[in-house]
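Colleague: please work out how this folds:
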Amino acid sequence: MGPNPVTLLLEDFLGHVERRPDVAALVDGRGRVTSYAKLAQMSAQRAIAFRTAGIGRGDVVLVARGVSPELYATLLALFRLGAVAMFPEPAAGLAGLAVAVEAAEPKAMAAGVLGRAIRLLSPALRRLPVLPEDHQSIDSDGPLESVGDEEPALITFTSGSTGRPKGIVRSTGFLRLQHDLLERVRQTTPDDVDLISLPVFILSNLAAGATSVLPPGKITRPGRLDPERMRRQIATFGVNRVVAPPAVCARLIEGVHEPPPLNAIFTGGGPVFPNLLKGLNAAAPDAIIHAVYGSTEAEPIAHIRFAEISASDWAAMAAGAGLLAGRPIPEASVSIRGDEITVAGPHVNRGYLDPRADASTKFTSDGVLRHRTGDAGRIDDQGRLWLLGRCEAAARGLYPFAVETAALSWDGVRQAALLADRHPALLVVTGSGLDEADLTRRAAALGDVQCRVVKTIPLDRRHNSKIDYAALRTRIDRS
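Modeller: Predicted coordinates for the structure are as follows:
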């Protein structure tokens, strides 16, 4: 068995602590700076406190903290001990939390003020002891347990398409591999300063020695972030890259008058439509813009840079060909089964915490385990992946992304969502200066589609970057 990859991540982090102790590791939304040395001290203190409370190798600890220096100190402390950090899916609510606790059987809970308040509301959490987080007398660099690369390190939950949380266990080796594959795209250096609102990338930044700057405001409500405050954060802390879901990127460029000094933008976690890509390029012309496609079960799957999209690609997207996601990474074996994208590879999770959840998302082909993404798509003659939207959202040959991507190329359209299960299908759009009759004529060229202009379209609670089709359907039926 090889060296422990989580230990390697920790050793990478601690190496930066030794070489650059005073460099900022994390800047929170209020501008509070935590250096690499301080974060290392915080994690060591927590590790000793957790070990004193009885937490050790293999123990599962539910972590209920917002994205903050305290969160990463807690996570690093658990990794130091060889313990397993468990993160429930916030969008699943208290019922989903109870399901997650039952599935993962945590031994204790590490929580901030809000997490402790939620604990009082949940019978499933009230039975869990809350770990102390401070140990004043620290006479060492803290524990650093060595564990095998197949041992669990992180458990997260995703609601998926069923709404019932499904637990995904990431081993130490899996975490390291995922980090390495993402870094082939990002190529982070210790000199990089990232405005970042995708929490998993902050862990990679700590291993790479970079600085992570959180946007001001609640990153759990990315569509409500203040663009001016974000741009001031970029200027104040010398941010040169952005790593964020589409909703944050859209807010960042809203009302921009002067290009921010960025050299790279990485966005994913939701569909990255052409209007956003073009807006990012116009607002930050010196930045290399990357759109990354993946899922909780397999990240990344494919990616594309703005500069790689040709005039014929833009025209095809505007004509209803779907959303271009780019070439799959070399490690991902992507194929289309029916109309569904499936993927295999070393960075694809092997199964869920509850094996019963595997039946609908896993299958074996030629001896290879493959994951069903639930996304419809196609592969073009250049080997590039095109996204067509969720399989369950398609009907009668109409695919959501094919129609939505085309609609987003129309002047004035800001958002678009297709309800394909109607007859005729209904394209719902938001924007300014829109003429419903004219848009319906345009939509008819894409299929048996009518168009309706509305004020807002509901989005997912997690990243505010995906259409909540069920909520939209309910809203339309009630109108």
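Colleague: tally of neighbours for Glu331?
Modeller: 18 (other CB atoms under 10 Å). Backbone N, C-alpha and C define where each C-beta goes, glycine included.
Colleague: how much space between it and Ala357?
Modeller: 24 Å (CB to CB, to the nearest Å).
Colleague: swap in Gly326?
Modeller: Distance from Gly326 to Ala357, by CB to CB: 29 Å.
Colleague: cool, and Tyr36?
Modeller: Distance of Tyr36 to Ala357, computed by CB to CB: 38 Å.
Colleague: got it, and Ile379?
Modeller: Going from Ile379 to Ala357 by CB to CB gives 27 Å.
Colleague: who's more crowded, the two?
Modeller: Comparing Ile379 with Ala357 by neighbour count (other CB under 10 Å), the higher total belongs to Ala357, at 20 against 16.
Colleague: wait, the more buried one touches Lys166, no?
Modeller: Yes. Under the criterion of CB atoms under 8 Å, Ala357 is in contact with Lys166, at a separation of 4.6 Å.
Colleague: buried set for the longest strand seen in the chain?
Modeller: The longest strand of the chain (DSSP state E) is strand 368-379. Using 16 or more other CB atoms under 10 Å as the burial criterion, the residues of strand 368-379 that qualify are Arg370, His371, Arg372, Thr373, Gly374, Asp375, Ala376, Gly377, Ile379.
Colleague: what residues go with each domain of the chain?
Modeller: Per automatic domain parsing, the domain ranges recorded for the chain read 5-181, 413-479.
Colleague: paired strands for the host helix or strand of Leu418, with orientation please.
Modeller: Taking DSSP states H and E as the criterion, Leu418 maps to strand 413-419. Neighbouring strands of strand 413-419 in its sheet, by DSSP bridges, are strand 425-431 (antiparallel).
Colleague: let me see the contact set for Thr189.
Modeller: Remark: with contacts taken as CB atoms under 8 Å, 6 or more residues apart in numbering, Thr189 is in contact with Ala208, Gly209, Ala210.
Colleague: what of Asp411?
Modeller: Contact criterion CB under 8 Å, 6+ apart gives Gly433 as the residues in contact with Asp411.
Colleague: is it true that Ala64 touches Met109?
Modeller: Yes. Assessed by CB under 8 Å, Ala64 is found in contact with Met109 at 6.3 Å.
Colleague: those two: who's more crowded?
Modeller: Each of Ala64 and Met109 has its neighbours counted (other CB under 10 Å); Ala64 has more, 25 against 22.
Colleague: dihedrals phi and psi, that one?
Modeller: According to degrees, to the nearest 10, the main-chain angles of Ala64 amount to phi -120, psi 80.
Colleague: try Arg251
Modeller: Arg251 adopts backbone torsions of phi -70, psi -40, taken as degrees, to the nearest 10.
Colleague: from what I see, it and Met230 are in contact.
Modeller: Yes. When contacts are counted by CB under 8 Å, Arg251 is listed as touching Met230 (6.9 Å).
Colleague: so for these two, which sits in the more crowded spot?
Modeller: In terms of neighbours (other CB under 10 Å), Met230 is the more surrounded of Arg251 and Met230; the figures are 26 against 21.
Colleague: got a list of what that one touches?
Modeller: Leu195, Pro215, Pro216, Val248, Arg251, Leu252.
Colleague: so which of these sit within helices?
Modeller: Among the contacts of Met230, the members found in helices (DSSP state H) are Val248, Arg251, Leu252.
Colleague: would you turn these into CSV with distance to Trp410 and pLDDT?
Modeller: Rendered in CSV, the data for the ones in helices among the contacts of Met230 read as follows (distance: CB to CB, whole Å; pLDDT from 0 to 100):
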residue, distance to Trp410, pLDDT
Val248, 24, 95
Arg251, 22, 93
Leu252, 23, 94
